[in-house]
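>>> just the structure for this:
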Amino acid sequence: MQFRQKALSKLQSPEELDLPVRFARPPGRLVLAVTVVVMAVAGFWAVTGTVSSKVTAPGLLTRAQGSYLLQSPVAGQITEVHAEEGRTVAAGEPVVTVRTGEGDRAVRAVARGRVTALAVKIGGVVTTGADVATVERIEDPGEPLVAMVYVPGGNTATIPVGARVDLTVRSVPQQRYGVLRGRVKAVGRTPQTRARLTGFLGDARLAEEFSRQGDPIAVLVRLERSSATKSGYVWSSADGPPYELESPAPLTAAIHLAAQRPVEWLLP
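Below you'll find the model as predicted:
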């Protein structure tokens, strides 16, 4: 009976039509306003904005002609080492002398270049085909360095010629001098086998490192030149390192791909 009397009493009371109706409290209106603004900004960016991506891969700072591995054509004992690491040798110049059963034989440079590594020393014994030295080919001393970047085969389809590249050289402190700037000059068409990599790099260890994820595609990067830096190249910092770059030098490249619309990027 108590509930019935309350219901009848409410029916008999006049409706409060003159009181304002409150749809949301102030905090609720603030949340609603923020949500609307965020959705509007997101929608505008989805239509007019762009999404940039990049491909990261290892590489080497080197000369455009690469390096070659000088091997001994004979077996015997090393009696003389004529070259030193860092020294330039001419084509046909003796690098080492090997004493064989038929007399002394000179192992000569195949092409002009700079000796970057010696694998033998006086008194050592070599067999036919043994590694003697790695020589970086240098036809013109004034020729600029390039970066050879080795990208896994499935990631090169979207790399355009002219794409911006940031190069982190391992021998240069990045936190102090930043990254080296470059542009994609050419993208290879066929994968590089380990044998081809070794033939160009003159280093089987590097060839193995660059082919860990399968035979890669070679991407040639042209370094941006600058007369205002000691190295002669453009860096993300103002001056870059206060010394010239040495090659070959391992590096990591970040290749910036062409920007895409978010809507196109999200749609299948």
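
>>> tell me what the nearest residue to residue 185 once chain neighbours are set aside is bridged to.
In space, residue 185 comes closest to residue 222 once its chain neighbours are excluded; the distance is 4.2 Å by Cβ to Cβ, 6 or more residues apart in numbering. All C-beta atoms are positioned from the backbone trio N, CA, C, and that covers glycine. With DSSP bridges as the criterion, residue 222 is bridged to residue 146, residue 183.

>>> quick check: pLDDT value at residue 222.
In this model, residue 222 is scored at 97, pLDDT.

>>> what's the local residue count around it?
Residue 222: 17 surrounding residues under other Cβ atoms under 10 Å.

>>> quick check: the gap between it and residue 234.
11 Å (Cβ to Cβ, to the nearest Å).

>>> who are the neighbours in contact with the residue nearest to residue 185?
Residue 222 makes contact with 146, 182-185, according to Cβ atoms under 8 Å, 6 or more residues apart in numbering.

>>> repeat that for residue 149.
Shown in contact with residue 149 (Cβ under 8 Å, 6+ apart): 57-59, 165, 218-221, 253, 255.

>>> circling back: separation between the residue nearest to residue 185 and residue 149?
Taking Cβ to Cβ, one finds residue 222 at 12 Å from residue 149.

>>> ok, now residue 223?
Taken as Cβ to Cβ, the span from residue 223 to residue 149 is 12 Å.

>>> three-state assignment of residue 181?
Under DSSP: H, G, I helix; E, B strand; the rest coil, residue 181 falls in the strand class.

>>> run a quick neighbour tally on it.
Neighbours of residue 181 (other Cβ under 10 Å): 19.

>>> which residue ranges of the stretch 151-268 of the chain form strands?
164-169, 180-187, 216-223, 249-256 (DSSP state E, counting those that start in this stretch).

>>> hmm, residue 230 and residue 241 touching each other?
Yes - counting by Cβ atoms under 8 Å, residue 241 touches residue 230, with 6.9 Å between them.

>>> and stretch 182-196, how far from the chain's centre?
Counting by Cα atoms, centre = their mean, to the nearest Å, stretch 182-196 is centred 13 Å from the centre of its parent chain.

>>> between the two ends of that stretch, how far is it?
Distance across stretch 182-196, first residue to last, is 24 Å (Cα to Cα, to the nearest Å).

>>> what sits up against it?
Outside stretch 182-196, the residues that reach it (Cβ under 8 Å, 6+ apart) are 146-147, 150, 153, 156, 159-167, 200, 204, 207-208, 210-211, 214-224, 253, 255.

>>> tell me the average confidence for it?
Taken as a whole, stretch 182-196 has a mean pLDDT of 93.

>>> cool, and stretch 137-152?
The average pLDDT within stretch 137-152 is 91.

>>> buried ones in it?
137-138, 145-152 (16 or more other Cβ atoms under 10 Å).

>>> got these as TSV, with distance to residue 119 columns?
Shown next, in TSV, are those (distance: Cβ to Cβ, whole Å):
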residue	distance to residue 119
137	18
138	20
145	24
146	25
147	26
148	22
149	27
150	23
151	30
152	30
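
>>> which two of those have the greatest separation?
138 and 152 (30.0 Å; Cβ to Cβ).

>>> gap between residue 202 and residue 166?
Per Cβ to Cβ, residue 202 is found 26 Å from residue 166.

>>> with neighbour numbers in mind, choose between these two.
Neighbour tally, residue 202 and residue 166, criterion other Cβ under 10 Å: the higher count belongs to residue 202, 25 against 18.

>>> my guess is that one contacts residue 131. True?
No - between residue 202 and residue 131 there is no contact under Cβ under 8 Å: 9.3 Å.

>>> from start to finish, how long is stretch 224-235 in a straight line?
End residues of stretch 224-235 are separated by 9 Å (Cα to Cα).
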